[in-house]
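# What follows is a predicted protein model with its sequence.
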Amino acid sequence: LRAWLAAEGVDVLHVWHSRGHGLALRARGDVAALVRAHADGRSPGIAERWLFERGCDTIVCTSEACARSHREGPRRARAVAVAGAVDLARFRPATGDERLRARERLGLAREARVLGVVARVQRHRRFDLLLDGFAAACAADPRLRLVVFGRGTRLDAVLRRPARERGIESRVVLAGHLAGEDYAACLRALDALCLLVPGSDGGARAVLEAAASGVPAVVTRRRGLPEWVADGETGLVVDESSDALVAAFAALLGDDAGRLRMAAAARARACADFAPERLGERLEGAYRAALS
């Protein structure tokens, strides 16, 4: 690797995981800058802290909150936020016919008010809170439906049984794992997305995909979520409580005009901030900063 880096005249080496980081430190030779990515889904362990604090020239984070934690840490590490990107051609608002076809596939009526969640079905993703809020909202609006995109090894314990105990099993649609155009088409069938806890990658990719699809989101204040959803403009940022979720669901799913305004704003935000070209510009800026 050291010989290849020297032969290619590499200026910047960008590493993603600690094993690769350790290899890069041994092999970098005359490479001018070493950049480390940090998905803020977890904090560095004790053995990794040296790599982040002294073993690289710049840390690239998925959110400003993560970058700030490095800059304000004991070593004042250089860190920048680089938001994720989404394929704006693949993820786009639906036409009326596309929306109806996707809803038919999911077994949803035309008049349904549809909330979706894209997440692996695990306890730490707070499905208990989501179901509490959704069940309370259903009492006021019988049109509500919840579509769950994802799978998990504890599907019965985390989702099916709790939904049955709350009396909302018939209102929850288990879409399972979808890929390719199937996923993009069904995502466009939603009226709103809800994500309470980002996944391990820290980037909340589903929120960006929903925004590009013209689907506003309800999110909590965890990690970078408030950075990707403009509260009151492209969605709603709420506290982690059942009452807060009920109010948010009612505001989005009960106000067609307001939801459509947020949907248009979400798409515009995605085109402006989450395009692949913007990701390239931000990364190039991080590389130039590391080289300086």
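Cool, the structure landed. Numbers count the residues shown, from 1 in each chain.

# ranges for the helices of the protein?
Along the chain, counting by DSSP state H, helices occupy 2-8, 18-27, 46-53, 64-71, 96-106, 127-140, 155, 161-165, 180-187, 205-212, 225-228, 242-253, 256-273, 276-291.

# what is the orientation angle of the third one with helix 18-27?
Orientation of helix 46-53 against helix 18-27 (axes from the mean of the first three to the mean of the last three CA atoms, to 10 degrees) gives an angle of 50 degrees.

# next one: the last one
Taking the same axes, to 10 degrees, one finds helix 276-291 and helix 18-27 inclined to each other by 40 degrees.

# any idea which of the helices of the chain is most buried?
Most buried of the helices of the chain by mean neighbour count (mean count of other CB atoms under 10 Å) is helix 205-212; its value is a mean of 26. In short, each C-beta sits where N, CA and C put it, glycine included.

# what does that helix rub up against?
83-88, 91-92, 116, 118-119, 149, 184, 187, 190, 193, 195, 199, 216-217, 219, 225, 228-229, 234-235, 266-267, 269-271, 274 (CB atoms under 8 Å, 6 or more residues apart in numbering).

# Distance from the chain centre to it, please.
Computed by CA atoms, centre = their mean, to the nearest Å, the chain-centroid distance of helix 205-212 equals 7 Å.

# Stretch 125-144 too?
When distances are taken as CA atoms, centre = their mean, stretch 125-144 is centred 21 Å away from the chain's centroid.

# on that earlier part again, hey, least reliable of the helices of the chain by pLDDT?
Per-stretch mean pLDDT for the helices of the chain is lowest at helix 46-53 (a mean of 80).

# and of the helices of the chain, who's closest to residue 173?
Taking CB to CB, helix 96-106 is the member of the helices of the chain nearest to residue 173, at 5.5 Å.

# and the closest one, what does it pack onto?
For helix 96-106, the contact count by 3 or more CB pairs under 8 Å, 6 or more residues apart in numbering; DSSP states H and E identifies helix 180-187 as packing neighbours.

# Packing partners of the helix it packs on?
Helix 180-187 packs on helix 96-106, strand 144-149, helix 205-212, going by 3+ CB pairs under 8 Å, 6+ apart.

# Enumerate every residue touching the nearest residue in space to residue 105 that is not next to it in sequence.
In this structure, residue 105 finds its nearest non-sequential neighbour in residue 186, 6.9 Å apart by CB to CB, 6 or more residues apart in numbering. Taking CB under 8 Å, 6+ apart, we find residue 186 in contact with 102, 105, 106, 147, 149, 175, 178.

# which one of those residues is nearest residue 57?
Looking across the contacts of residue 186 and measuring by CB to CB, the closest to residue 57 is residue 149, at 38.5 Å.

# about what we covered before: let's have the helices and strands packed on helix 180-187 in CSV, adding distance to residue 54.
Formatted as CSV, the helices and strands packed on helix 180-187 follow (distance: least, CB to CB, whole Å):
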stretch, distance to residue 54
helix 96-106, 50
strand 144-149, 41
helix 205-212, 31
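
# of those, which approaches residue 34 most closely?
Nearest to residue 34, of those and by CB to CB, is helix 205-212 at 26.0 Å.

# got the angle between that closest one and strand 144-149?
Using the same axes, to 10 degrees: helix 205-212 against strand 144-149 is 120 degrees.

# how near is residue 32 to residue 54?
Note on residue 32: its distance to residue 54, by CB to CB, to the nearest Å, is 17 Å.

# any idea how far residue 275 lies from residue 152?
Counting by CB to CB - residue 275 and residue 152 are separated by 32 Å.

# Just put the helices of the chain in a markdown table and tack on distance to residue 39.
Below are those laid out as a markdown table (distance: least, CB to CB, whole Å):
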| stretch | distance to residue 39 |
| --- | --- |
| helix 2-8 | 25 |
| helix 18-27 | 12 |
| helix 46-53 | 12 |
| helix 64-71 | 8 |
| helix 96-106 | 30 |
| helix 127-140 | 22 |
| helix 155 | 25 |
| helix 161-165 | 29 |
| helix 180-187 | 21 |
| helix 205-212 | 11 |
| helix 225-228 | 14 |
| helix 242-253 | 26 |
| helix 256-273 | 18 |
| helix 276-291 | 14 |
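
# follow-up on the earlier one: out of residue 32 and residue 54, which sits in the more crowded spot?
Set residue 32 next to residue 54 and count neighbours by other CB atoms under 10 Å: residue 32 wins out with 14 against 9.
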